[in-house]
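> sequence plus the predicted model coming up.
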Amino acid sequence: MTHVAVLYGGISAEREVSLSSGRQVIIALRQAGFEVTPIDVTADLAALLAALDPKPDVIFNALHGRFGEDGSIQGVLDWLGIPYTHSGVRASAIAMDKVAAKTVFAAAGLPVARHRVVDLAELEAADPMPRPYVIKPQKEGSSVGVFIMRAGDNRRAEIAQNWKFGPTALTEEYIAGRELTVAVMGDRALAVTEITSALGFYDYEAKYADGGSRHVIPAMIHPDITRQAMDVALAAHKALGCTGASRSDFRYDDTEGEPGRLVLLEVNTQPGLTPTSLLPEQAAHLGIGFPALCAWMVESAQCRA
């Protein structure tokens, strides 16, 4: 029987999301017939190394955010020579850095939004680009620390003064319209989901709270945009060098008519696996149950040592 250690929890701002993903994965893998050892990852790296001795056959990486999704834990597992799920060091690190990822996407001819990295003093003093625009951390996920600056909003200086995500912020043009996402498994784009939220913005609460968002699958959009979104998601997955599963997030502006403008925002190399997450939902839409999805991830795990 294959022994799988599930890493979950972690020390990022997305710890609670990871705990939720991990709990789901542990149940699913046991249902699929694997021997499972749950490991709640903390800041104690020595304790993690001890928990991995003796080595399991495979690591299921259910960590999210910094240290779990940015290449850090991937480097540790490469050092140990243990196969693990999802992407390796390089793809994880680039995808987590939104500016580096946009550079890769642009070089591959994929559609990205206009953006600038600004220091906090500049942001506090004046708008770095015409409104509306978005302020976001360069290296966080799950919409942590994301703000939309619209006409009349006077929070800019306050946001800069209370910024907790490093010495700079990423500012990006706001794309009007709709929120779309496409999951990829291996070399296959699964489906296009449209996400709507009664909260007005698909932020952390909308993503993970019960009833925080509504998912429409397949998205009721122009067929050309459906094809483009699936093609771009797969191309972005390949351009970054992702393995296993990923999920690409888009904005789709059809406010002036169809087919409209599609913009790639980012690629998530560790898509959520919580009860409200999008990758399991798209897999289920195609007849792939959650235990089968998790088993596929284990079977696709790689040793990159």
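On my side now, so go ahead. Just so it is clear, the model here is predicted, and its values are computed rather than measured.
> please enumerate the helices of the stretch 151-300 of the chain.
With DSSP state H, counting those that start in this stretch as the criterion, the stretch 151-300 of the chain has helices at 156-161, 204-208, 223-240, 278-285, 290-299.
> what's the closest of these to residue 255?
Nearest to residue 255 among the helices of the stretch 151-300 of the chain is helix 223-240; the distance by CB to CB comes to 13.3 Å. (Each C-beta comes from the backbone N, C-alpha and C, glycine too.)
> which of the residues in that closest one are buried?
Buried residues in helix 223-240, counted by 16 or more other CB atoms under 10 Å: 225-226, 228-230, 232-237, 239-240.
> ditto for stretch 48-64
Of all the residues in stretch 48-64, those buried under the rule 16+ other CB under 10 Å are 48, 51-52, 56, 58-64.
> just the residues you listed: which has the poorest pLDDT?
Among the buried residues of stretch 48-64, residue 64 has the lowest pLDDT, at 94.
> wait, that one touches residue 270, no?
Yes. Contact criterion CB atoms under 8 Å: residue 64 and residue 270 qualify, at 5.4 Å.
> which of the helices of the stretch 151-300 of the chain has the lowest average pLDDT?
helix 204-208 (a mean of 49).
> quick check, pLDDT for residue 257.
We have a pLDDT of 86 for residue 257.
> in helices, which of the buried residues of stretch 48-64 fall?
48, 51 (DSSP state H).
> and the buried residues of stretch 48-64 as JSON lines, adding distance to residue 27?
Shown next, in JSON lines, are the buried residues of stretch 48-64 (distance: CB to CB, whole Å):
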{"residue": "48", "distance to residue 27": "22"}
{"residue": "51", "distance to residue 27": "20"}
{"residue": "52", "distance to residue 27": "21"}
{"residue": "56", "distance to residue 27": "18"}
{"residue": "58", "distance to residue 27": "17"}
{"residue": "59", "distance to residue 27": "18"}
{"residue": "60", "distance to residue 27": "12"}
{"residue": "61", "distance to residue 27": "17"}
{"residue": "62", "distance to residue 27": "12"}
{"residue": "63", "distance to residue 27": "18"}
{"residue": "64", "distance to residue 27": "18"}
